[in-house]
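Colleague: Please work out how this folds:
(2 chains)
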Amino acid sequence: MSASDALVTRRLSKSFAKHKALGDLNINVHAGDIYGFLGPNGAGKTTAIRAILGLTPADEGEVSIFGESDPVLRLKDVGTLVENPCFHPSLSAYDNLKISLKLSGSSHNNIDTLLDLVGLTDRAHQKASTFSMGMKQRLGIARAMLGTPKLLILDEPTNGLDPKWRKSLRDILLTLSRDEGVSILISSHLLSEIEQTCNRVAILDQGRLQYEGAVSELRGNIQTYILNCDNEEALNQALSEIPQVTDQQYEADGAIRIQLKDWTPAQLNRELCMQKIYLHTIIPKQISLEDAFIKLTKDPS
Amino acid sequence: MTPFKNVLTAELKLIFSRSSAWLCIACSIFVAIVIPWLMSAAIDGIEVQTSSEAAAQGMANMMQEQIGKDVAKGMGRALWGRNFILIPLLILLAASSCLSGERGGYQLRETLCRPISRNRLLLAKGLGLTILCGLSLLATGLCAFITGQFLFEDVGELKLISIGYTLSLLSDTALIGLAFLVGTYTRSTGTTAIMSFIVLVLNAFVYFVSSVFVMIMPSDRQKSLEDWIQNLPYKSFSAWEGWSGGFDTEPVIGLFLLNLFCYGCLAYRFQKLDI
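Modeller: Numbers count the residues shown, from 1 in each chain, chains lettered A, B, ... in the order given. Here you go, the predicted model:
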């Protein structure tokens, strides 16, 4: 675990009674990464974040943030937004941030700048309990950025945000990462958001890591091809008998979408020609993050 | 790591942002003014009623002595009023909202995402609430002293009263520890306060049942059993009551042990708590 890595977990495990919520999780967030943390409901994303932050004691495993593994000291430069943000109801938005800043031990007071950034300057002195869900979420984002965090851990940060603020948040995160080198871990269900923001992702399913790497690599790993020919029925029949063809599906326009295992499109074309099936086109198509996610988690829901 | 001073300041701000804290101080001042005044009124009433009957003068003097005719007694009775149900209940509420309330409302989770160890946070919360209790006792003592100066001629013995107030503070910290400990099992202010109150009521019930049991025992065994019930937690919680007739050692030691027990169990439980 090196200090140049923003966040590293090794064999992080957590069970609740007999249910293994997290099993041997190894992730590596590099400094400056915007890292997407994906997984279906109940995959263990929030449990992992809570274990990383020491909110729930892990059964075993190690967590290191910028090379520091002490459960308290490692949180020194971390800003967090875990699930729905909660505030002290009797205090104003400004006072809530002031208390959080005091508790963070940071001497860099950027409350006014952050309130301006999330559009809450006019409401700064109103009680946080009177805020709508979206406003609380924005205030939670401001709280995560208090002081000078080097790592932001954001669990579902776009919850309750309207499209305008979703885009603003995306821009803020990209600016933070690009200009200030802040590393960001975002857990989200919104794959399109992750696709537009993150350079690396981890996909979790049933508490286990299914994939970790660059978004482009994930898409590249799973290449699909769209096949067109005159005799679709014969093509469909022939493809179903070739073991190297996987995930065969009809497209809306009658074309057939396939994935190839251990074969190139040329090898497929030669095999089909031998069976007297002549293709008009073979169009390679990169799959979306959503398709990759569904394939890796094997849960279309 | 965040300096302890920052954590304590933040906790104090939170404690005093809640109405239960200010209500606690207000009630402490109220009882400190009303109780000496009631004592004075009662003494005056006894004088008026018995002035015409010289034979009853001795009886009247005895009753006046029982009520108390000096500043120290006024402060002692005010302490009794302060520690009678309402203010301990407000302290329980403040302690409950401080830990289980924040846990249920997820503010505790936000706090623990900062570089603060759980023990430090617990210490800051306990110390913050102890400051509140100290202020409440100071308000009661000071107001009762000032009111007493106006109402009574004698100052009386202040040393025992001071010890009584100090032990009352220790009794409050035990109460806070109890509410914190119960609060590690729940996520609601109300449930914690009610459960802690039930523990206190059960505690009193055990004491009174034991007392009745002692009374029906043969006289040769009564003495040893009377000594034994001095060790019950109920007597420890009310160790401060010794201001009127001297302090027994057992309840005072018991009070220290009660604090140790509550905070020891709490520290252990809080370390393992899922926030």
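Colleague: Flag every buried residue along the helix or strand containing B:Asn6.
Modeller: Using DSSP states H and E, B:Asn6 sits within helix B:4-15. The neighbour-count check on helix B:4-15 (16 or more other Cβ atoms under 10 Å in any protein chain shown) flags B:6-15 as buried. Every C-beta, even on glycine, is put in place using the N, C-alpha and C of the backbone.
Colleague: Let me see the contact set for B:Val34.
Modeller: B:Gly81 (Cβ atoms under 8 Å, 6 or more residues apart in numbering or on different chains).
Colleague: now the angle from the longest helix along chain B to helix B:4-15?
Modeller: When chain B is parsed with DSSP state H, its longest helix is helix B:118-151. Following axes from the mean of the first three to the mean of the last three Cα atoms, to 10 degrees, one obtains 60 degrees for the angle between helix B:118-151 and helix B:4-15.
Colleague: is chain A contacted by helix B:118-151?
Modeller: No - counting by Cβ under 8 Å from any Cβ of the partner chain, chain A has no neighbours in helix B:118-151; the shortest distance is 8.5 Å.
Colleague: Could I get the average pLDDT for that helix?
Modeller: Mean pLDDT, helix B:118-151: 95.
Colleague: So which other helices or strands are in contact with it?
Modeller: helix B:4-15, helix B:19-50, helix B:71-82, helix B:86-96, helix B:107-112, helix B:158-183, helix B:249-272 (3 or more Cβ pairs under 8 Å, 6 or more residues apart in numbering or on different chains; DSSP states H and E).
Colleague: weakest of these by average pLDDT?
Modeller: helix B:19-50 (a mean of 87).
Colleague: what separates the residue nearest in space to the middle of chain B from B:Ser188, distance-wise?
Modeller: For chain B, B:Asp172 is the residue whose C-alpha lies nearest the centre (Cα atoms, centre = their mean; 4.3 Å). According to Cβ to Cβ, to the nearest Å, B:Asp172 stands 22 Å off from B:Ser188.
Colleague: wait, what's in contact with residue 112?
Modeller: I went with chain A, as the question did not name one. A:Thr121.
Colleague: that's the wrong chain, I wanted chain B
Modeller: Applying Cβ under 8 Å, 6+ apart, the residues near B:Leu112 are A:53-55, B:118, B:121, B:275.
Colleague: Considering those residues, which is situated nearest to B:Tyr106?
Modeller: B:Ile275 (8.4 Å; Cβ to Cβ).
Colleague: As a check, name the ranges of all helices in chain A.
Modeller: A:45-52, A:93-104, A:111-117, A:133-144, A:163-180, A:191-197, A:215-221, A:232-240, A:265-274, A:289-297.
Colleague: wait, what's in contact with the residue nearest to the centre of chain B?
Modeller: B:88, B:91, B:130, B:133, B:136-137.
Colleague: swap in A:Asp95?
Modeller: A:88, B:13, B:17.
Colleague: Check what pLDDT it gets.
Modeller: So, for A:Asp95, pLDDT stands at 95.
Colleague: repeat for B:Met63
Modeller: 75.
Colleague: The nearest residue to it once chain neighbours are set aside: what's it in contact with?
Modeller: Nearest residue to B:Met63, sequence neighbours excluded (Cβ to Cβ, 6 or more residues apart in numbering or on different chains): B:Ile46, at 5.6 Å. Counting by Cβ under 8 Å, 6+ apart, B:Ile46 makes contact with B:60, B:63-64.
Colleague: Quick one: name the residues of chain A near chain B.
Modeller: A:50, A:53-57, A:72-73, A:75-76, A:78, A:80, A:82-91, A:95, A:99-100, A:102-105, A:143.
Colleague: 6 Å - rerun?
Modeller: A:53, A:55-56, A:72, A:75-76, A:80, A:86, A:88, A:90-91, A:99, A:102-105 (Cβ under 6 Å from any Cβ of the partner chain).
Colleague: Could you give the number of residues near the nearest residue to B:Lys13 once chain neighbours are set aside?
Modeller: Excluding its sequence neighbours, the residue lying closest to B:Lys13 (Cβ to Cβ, 6+ apart) is A:Ile99, at 6.3 Å. By other Cβ atoms under 10 Å in any protein chain shown, 24 other residues sit near A:Ile99.
Colleague: correct me, but A:Ile99 touches B:Leu12?
Modeller: No - at 10.6 Å, A:Ile99 does not count as touching B:Leu12 under the criterion of Cβ atoms under 6 Å.
Colleague: mind listing what residue 193 touches?
Modeller: This is for chain A. A:Thr158 (Cβ atoms under 6 Å, 6 or more residues apart in numbering or on different chains).
Colleague: Chain B was what I was after
Modeller: Contacts of B:Ala193 (Cβ under 6 Å, 6+ apart): B:92-93, B:96.
Colleague: Quick check: of those residues, which has the highest neighbour count?
Modeller: B:Ser96 (29 neighbours).
Colleague: Verify the contact between it and B:Ser188 for me.
Modeller: No - contact between B:Ser96 and B:Ser188 fails when scored by Cβ under 6 Å: they sit 8.1 Å apart.
Colleague: Might you report the residue contacts of residue 72?
Modeller: I went with chain A, as the question did not name one. Going by Cβ under 6 Å, 6+ apart, the list of residues near A:Val72 reads B:1, B:115, B:117.
Colleague: hmm, I had chain B in mind actually
Modeller: So B:Ala72 contacts B:156-158, B:161 (Cβ under 6 Å, 6+ apart).
Colleague: Same check on B:Leu93?
Modeller: Here B:Leu93 is in contact with B:20, B:193 (Cβ under 6 Å, 6+ apart).
Colleague: Low-confidence ranges, the stretch 151-300 of chain A, go.
Modeller: A:220-222, A:298-300 (pLDDT under 70).
Colleague: Please name the nearest non-neighbouring residue to whichever residue of the stretch 201-301 of chain A sits closest to chain B.
Modeller: Using Cβ to the nearest Cβ, the single residue of the stretch 201-301 of chain A nearest to chain B is A:Gly207, 16.5 Å away. Nearest non-adjacent residue to A:Gly207, counting by Cβ to Cβ, 6+ apart: A:Gly44, 4.0 Å away.
Colleague: burial count for A:Ile111?
Modeller: For A:Ile111, using other Cβ under 10 Å, the count is 20.
Colleague: didn't it look like it was pressed against A:Leu97?
Modeller: Yes - at 4.8 Å, A:Ile111 counts as touching A:Leu97 under the criterion of Cβ under 6 Å.
Colleague: Please name the bridge partners of the most centrally placed residue in chain A.
Modeller: What sits nearest the mean C-alpha location of chain A, by Cα atoms, centre = their mean, is A:Gly36, with 2.3 Å. Beta-bridge pairing of A:Gly36, defined through DSSP bridges, involves A:Ile186, A:Val201.
Colleague: which residues touch it?
Modeller: A:186, A:194, A:198, A:201.
Colleague: now, which of these sits nearest A:Ile277?
Modeller: A:Val201 (37.7 Å).
Colleague: Tell me how far B:Ala239 lies from B:Gly164.
Modeller: Counting by Cβ to Cβ - B:Ala239 and B:Gly164 are separated by 9 Å.
Colleague: Good, wrapping up.
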